Each structure stands twice: as structure tokens, then as C-alpha cells.
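In: Turn this into a model:
(one chain, ligands or ions: 1)
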Amino acid sequence: MLNITNVSKKYAKNSFYSLQDVSLSVNEGDIVGLIGKNGAGKSTLLKVITKAIRPSNGKVIYQNQDIFEQNNVLDEFGIMIKPVFYPYLTVLENLNFYLTIHQKLSYQQNIESILKLVDLWQVRNRKPGDFSFGMKQRVSLALALITEPSFIVLDEPFVGLDPIGVQKLIQILHQWSETRKVSMIISSHQLGELESLCNRYLFIEAGKLRNKFNLNKDQMVIELTEINPEIKSSLQKFASYIQWSTVGNKLMLPKALDNKIKNQIFLILSKGNLIKQISYPKDQLEDYFQEETK
Ligand SMILES: Nc1ncnc2c1ncn2[C@@H]1O[C@H](COP(=O)(O)OP(=O)(O)OP(=O)(O)O)[C@@H](O)[C@H]1O
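Out: Predicted coordinates:
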């Protein structure tokens with residue numbers, strides 16, 4: 001859907017590149033998490049993708065069209081990079097105005113549900129000029145989502161939301177990716193939230209795309225009190241389902257593994273009184289980030 005090839009960006013006043021030779025693609029239904037330290041180049045990348053700034057080199061192609069050579073290519077995009085709205089119009093007027101200038105008034109029917117999603121329904125008749133930072137963020141988020149876009153670009157979308165708002169947002173984005181195959185690229189320092197939302201990740205460091213990766217979310221982790229040769233040999237016939245961890249006394253099984261097989265494995269382990277804890281992987285993104293940036 002979106003293909004970025006060899007994109008570099010040097011801001012006029014800088015002597016260094018904020019992005020260097022970045023290539024990536026985002027497919028239909030993908031939810032891509034963009035991670036990296038402060039100043040790594042995440043926002044710059046998102047600004048290039050959404051045509052807010054021009055790259056010094058490279059191409060951005062959306063559905064086979066060069067976004068910088070053709071007009072209206074980004075019509076189906078929902079974008080939140082920094083808070084953008086008219087401070088002297090009320091929240092409702094902002095949404096209506098946005099829909100009017102984008103000729104998308106048929107989406108007026110979404111106004112109530114989107115404002116409830118971002119918890120601004122109660123304040124819909126207030127002007128956002130003197131809103132708190134978080135409330136301003138949420139106005140931008142409402143503008144980004146109101147037209148049910150097919151491609152969503154969000155820079156730090158969780159910052160202004162309370163924990164319930166974060167969960168509601170994650171839920172709706174998941175739902176859109178599954179039911180409407182909406183693609184998304186989302187940058188955030190809130191790695192736990194990204195981990196529960198995204199299916200792919202990009203790690204950017206000093207303007208370079210250092211890694212593209214997935215996390216394995218479909219496994220259960222069984223921590224054992226010890227791993228000895230006898231236990232390994234008694235589990236030999238299940239070897240094709242078991243992945244032994246390289247750290248700690250852990251083994252991993254696919255969550256979707258047939259219950260009969262799971263039970264046989266558990267039986268062997270519990271006979272030896274070996275099971276210490278069963279859990280599901282979490283904080284993998286946090287661990288990755290800590291490891292890469294130490
Ligand atoms: N308008 C600009 N003019 C000059 N330099 C800029 C501009 N915007 C960003 N930069 C520089 O480009 C580099 C990348 O910045 P960018 O905002 O893309 O990082 P980021 O990964 O989004 O950081 P953060 O996590 O802090 O938001 C930084 O060195 C920054 O100072």
C-alpha cells in the first residue's frame with residue numbers, strides 16, 4: 001500500500017541528516033509501530049509520509065502514486081502528528097469544518113461516537129484554544145479518525161489519553177485493522193501500548209532504520225524450576241511443538257496448540273514438580289528497546 005524507498009531528510013539549517021536512506025513498506029491491515037529514542041527521526045519520517053515536509057531524497061509511493069507528484073493521493077489518510085485545529089471554533093465546529101473542507105459531510109454521523117471515544121463529548125461546545133495539552137491531543141485524534149480513513153498515521157496518540165481512553169483507542173484501531181483492513185503507522189514511547197496494538201515494528205536510530213521486526217505474541221511461556229536431561233528426553237516426542245528459551249529455565253508452547261498435547265506436556269512437567277509459572281509474553285518491546293539503546 002505504502003512504499004518508501006531510500007528516503008533521506010536534511011533540514012535546511014542542519015548539517016546532519018534527520019533521516020538516512022530509509023526504505024520500508026506498509027501493507028493492507030498492517031499496524032506498524034515506530035520506536036526510537038528522542039530525536040531519532042520518528043516524527044520526521046511521519047511528516048514525510050504525510051507530505052508535511054519534502055524529503056531531500058527518495059520516494060514515497062501510496063497505491064502506486066508518488067505522493068509528491070500527484071495531488072489528492074492522501075485523501076484517505078487520517079493524520080495526527082501535532083495538535084492541529086482552529087482554536088476559536090468549538091470542538092463540534094472544528095469537526096464540521098474539517099468535514100466540509102474535505103467534502104466528507106456524510107461522516108457527520110460519526111461525530112458523536114468519535115467524540116465519546118476520545119472523551120470530548122461533554123465539552124463539544126467549548127473552544128479548544130484553552131484546553132489542556134491532553135484535550136488538544138484528543139481533538140486532533142478525533143479529526144484524524146472521523147472520516148474512517150484507510151490509512152492512519154499517528155504520532156504519540158496515547159499521550160493525552162487516560163488509561164480507559166488508551167484501551168478504547170487500541171480496541172477501535174484493532175477492530176478497524178481486522179474488519180476494514182485499515183493500515184496504520186504509529187509512533188510512541190509507550191511501548192506496552194504499542195506492543196498490544198501492532199503486528200510489526202520499526203526501530204529507528206539516529207535517522208537510520210536499524211531494524212524491522214515482529215514479536216511473537218502467540219506463545220505461552222512455562223517457567224520451570226530446573227531443566228535437566230531427563231526432562232528433555234521425556235519431552236522428546238513433543239520436540240516439534242516446544243521451543244526452549246535461551247534465557248532462564250523456560251520453554252515456550254504455541255497458544256493454539258491442541259489441548260490434548262498441551263495436557264500431556266503439562267502432565268510430564270507436573271510429575272517432576274517442575275512448573276514454576278505459566279505466563280504470556282509481555283514487555284517484549286520494552287526489553288528489546290532497553291537492549292538496543294543501552
Ligand atoms: N524543523 C526542524 N528543523 C531542524 N531540525 C529538525 C526539525 N525537526 C526535527 N529536527 C531534528 O531532526 C532530528 C529528528 O527529530 P524528530 O522530531 O524526527 O525525532 P523524534 O524521533 O520524533 O523525537 P521525539 O521522540 O523526541 O519526538 C532531531 O535531531 C531534531 O532536532
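In: Next to the ligand in this structure, residues from this structure, please.
Out: 11, 13, 14, 18, 36, 38, 39, 40, 41, 42, 43, 44 (C-beta under 6 Å from any ligand atom). Placement of C-beta: from N, CA and C, glycine included.
In: for the fifth one, what are its contacts?
Out: This points to residue 36. 42, 203, 204, 205 (C-beta atoms under 8 Å, 6 or more residues apart in numbering).
In: Quick check: the farthest pair among the residues of the chain next to the ligand?
Out: 13 and 36 (21.8 Å; C-beta to C-beta).
In: Next up, the contacts around the residue positioned nearest the centre of the chain.
Out: By C-alpha atoms, centre = their mean, the chain has its centre lying nearest to residue 33, at 3.6 Å. Under the criterion of C-beta under 8 Å, 6+ apart, the neighbours of residue 33 are 186, 187, 188, 194, 195, 197, 198, 200, 201, 202, 285.
In: Kindly provide the distance from residue 284 to the ligand.
Out: Applying C-beta to the nearest ligand atom, to the nearest Å, the value for residue 284 to the ligand is 20 Å.
In: Filter the contacts of residue 36 down to the buried ones, ChimeraX style.
Out: Buried subset of those, written as a ChimeraX selection, criterion 16 or more other C-beta atoms under 10 Å:
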select :42,203,204
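In: Helices along the stretch 151-294 of the chain, start to end?
Out: 163-179, 191-197, 229-234, 259-271, 284-293 (DSSP state H, counting those that start in this stretch).
In: Sorry, slip of the keys, the one I care about is the stretch 1-150 of the chain.
Out: 42-49, 91-101, 111-117, 133-145.
In: Can you tell me which of the ones you listed is nearest to residue 224?
Out: That would be, of the helices of the stretch 1-150 of the chain and by C-beta to C-beta, helix 42-49, which comes in at 39.2 Å.
In: Tell me which other helices or strands the closest one touches.
Out: Judged by 3 or more C-beta pairs under 8 Å, 6 or more residues apart in numbering; DSSP states H and E, helix 42-49 is in contact with strand 2-9, strand 19-26, strand 31-35, strand 151-155, strand 183-187.
In: Reformat these as TSV; add mean pLDDT.
Out: Below are those laid out as TSV (pLDDT from 0 to 100):
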stretch	mean pLDDT
strand 2-9	97
strand 19-26	96
strand 31-35	96
strand 151-155	96
strand 183-187	96
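In: can I get those strands in JSON lines with distance to residue 112?
Out: Below are the helices and strands packed on helix 42-49 laid out as JSON lines (distance: least, C-beta to C-beta, whole Å):
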{"stretch": "strand 2-9", "distance to residue 112": "31"}
{"stretch": "strand 19-26", "distance to residue 112": "30"}
{"stretch": "strand 31-35", "distance to residue 112": "26"}
{"stretch": "strand 151-155", "distance to residue 112": "20"}
{"stretch": "strand 183-187", "distance to residue 112": "23"}
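In: What separation is there between the residue of the chain most remote from its centre and the ligand?
Out: In the chain, the greatest distance from the average C-alpha position (C-alpha atoms, centre = their mean) is reached by residue 230, at 42.8 Å. Residue 230 is 50 Å from the ligand, where distance means C-beta to the nearest ligand atom.
In: Now for that residue: which residues touch it?
Out: Taking C-beta under 8 Å, 6+ apart, one finds residue 272 in contact with residue 230.
In: pLDDT at it, what is it?
Out: We have a pLDDT of 88 for residue 230.
In: So it versus residue 81, what's the distance?
Out: Plainly put, residue 230 is 57 Å away from residue 81 if you go by C-beta to C-beta, to the nearest Å.
In: Let me know whether residue 110 touches residue 149 as I believe.
Out: No. Contact criterion C-beta atoms under 8 Å: residue 110 and residue 149 do not qualify, at 11.4 Å.
In: Have a look at the two and say which one is more surrounded.
Out: residue 149 (21 against 18; other C-beta atoms under 10 Å).
In: which non-adjacent residue is nearest the more buried one?
Out: residue 78 (3.3 Å; C-beta to C-beta, 6 or more residues apart in numbering).
In: Any idea how many residues pack against the one you found?
Out: Neighbours of residue 78 (other C-beta under 10 Å): 22.
In: Report the contact partners of it.
Out: 144, 145, 146, 147, 149, 151, 152, 153.
In: Per-residue pLDDT of it, please?
Out: On the pLDDT scale, residue 78 gets 94.
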